[in-house]
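Participant: Need a 3D model of the following:
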Amino acid sequence: MTALLFIFFAGLAIGCAISMVVQRNPLYSAISLIGVFIALACLYVMLAAPFIAAVQVIVYAGAIMVLVVFVIMLLNVEEEERRRTRLQFLVPTAVGLAAVMIAEIAFILYSVQASHDTPSTNVSDTGLTASIGTGLFTKYLLPFEITSILLLMAIVGAMSLARRTRALSSMARVVPGVQVLAMDIVDPRQVGDLRVVETNTTDEAARLLGVERDRDIEQRD
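Facilitator: Reported below is the predicted structural model:
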């Protein structure tokens, strides 16, 4: 029964990984990656590591994949654009590396089955929630706290960088550089005049929009 479950979850992980690569829609690829994470969590449960399985689901299949899906939806990427493959040797190289990996897996499985060593009967508590919690809050308490302080510093640094930009005043104007403007924008008196006025520099656009005149009036005041 254990062997059948292992084959099922391993096949599910491999199938979802292949689906992730071949999908044209990045959102479907992200969903396939979630399937890979869930299959790996099931394999961790079979290896008597429930804490690692829970972390796999909560952190990877939960938080990280929510971030990935959010970025995909924010960028509004619907489908991959097909481009001409410049490096033609990548496809045969990938096939060769996949064949080498399959050969290594087959050799490892054959060597394990051919070995006559009897497995140890001692039950280990490695990977259990109780043992990991005891280690984090006793022996590894200092590294755990240092890691939390580093994460807090990263959050504070990100907030400081985000708030560093100064807010523009109500009198400020953002002047584009190279821009094509209509005549009624340059001169408000020319209502409905849609003749094209092209500016090549920011200074030229500022002169046309009258920003320099406003700046001179503010300096005199």
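
Participant: use CA for all of it now, contacts and neighbours both
Facilitator: Noted.

Participant: Residue 41: neighbouring residues, count only.
Facilitator: Counted by other Cα atoms under 10 Å, the residues lying close to residue 41 total 23.

Participant: do you know how far it is from residue 67?
Facilitator: Using Cα to Cα, to the nearest Å, one obtains 20 Å as the distance from residue 41 to residue 67.

Participant: what residues are up against residue 144?
Facilitator: With contacts defined as Cα atoms under 8 Å, 6 or more residues apart in numbering, residue 144 is in contact with 136, 137.

Participant: May I have the helix or strand containing it exported as PDB, CA atoms only?
Facilitator: Secondary structure here is read from DSSP states H and E; on that basis residue 144 sits in helix 141-162. Coordinates of the C-alpha atoms in helix 141-162 are reproduced here as PDB (Å, rounded to 0.1, in the frame of the first residue of the first chain):
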ATOM      1  CA  LEU A 141      16.700  29.900  20.300                       C
ATOM      2  CA  LEU A 142      19.400  32.500  19.500                       C
ATOM      3  CA  PRO A 143      19.600  31.900  15.700                       C
ATOM      4  CA  PHE A 144      15.800  31.800  15.600                       C
ATOM      5  CA  GLU A 145      15.600  35.300  17.300                       C
ATOM      6  CA  ILE A 146      18.300  36.700  15.100                       C
ATOM      7  CA  THR A 147      16.400  35.500  12.000                       C
ATOM      8  CA  SER A 148      13.300  37.200  13.300                       C
ATOM      9  CA  ILE A 149      15.200  40.500  13.900                       C
ATOM     10  CA  LEU A 150      16.700  40.300  10.300                       C
ATOM     11  CA  LEU A 151      13.200  39.900   8.900                       C
ATOM     12  CA  LEU A 152      12.000  42.900  10.900                       C
ATOM     13  CA  MET A 153      14.900  45.000   9.600                       C
ATOM     14  CA  ALA A 154      14.100  44.000   6.100                       C
ATOM     15  CA  ILE A 155      10.500  45.100   6.500                       C
ATOM     16  CA  VAL A 156      11.500  48.400   8.100                       C
ATOM     17  CA  GLY A 157      14.000  49.000   5.300                       C
ATOM     18  CA  ALA A 158      11.400  48.300   2.600                       C
ATOM     19  CA  MET A 159       9.000  50.800   4.300                       C
ATOM     20  CA  SER A 160      11.800  53.400   4.500                       C
ATOM     21  CA  LEU A 161      12.700  53.100   0.800                       C
ATOM     22  CA  ALA A 162       9.000  53.300  -0.200                       C
END
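
Participant: what about stretch 60-69, start to end distance?
Facilitator: Here the two ends of stretch 60-69 are set 12 Å apart, with distance taken as Cα to Cα.

Participant: Please report how far residue 95 lies from residue 102.
Facilitator: 11 Å.

Participant: Tell me the pLDDT of residue 40.
Facilitator: The confidence metric pLDDT takes the value 92 at residue 40.

Participant: residues near the closest residue to it other than its chain neighbours, how many?
Facilitator: Across the structure, with Cα to Cα, 6 or more residues apart in numbering as the measure, the residue nearest residue 40 apart from its sequence neighbours is residue 13 (6.8 Å). Other residues within reach of residue 13, judged by other Cα under 10 Å, total 23.

Participant: list the contacts for residue 13?
Facilitator: The contact partners of residue 13, taken as Cα under 8 Å, 6+ apart, are 35, 36, 37, 39, 40.

Participant: And those, which is closest to residue 18?
Facilitator: Within the set of the contacts of residue 13, residue 36 lies nearest residue 18; the separation is 9.8 Å, counting by Cα to Cα.
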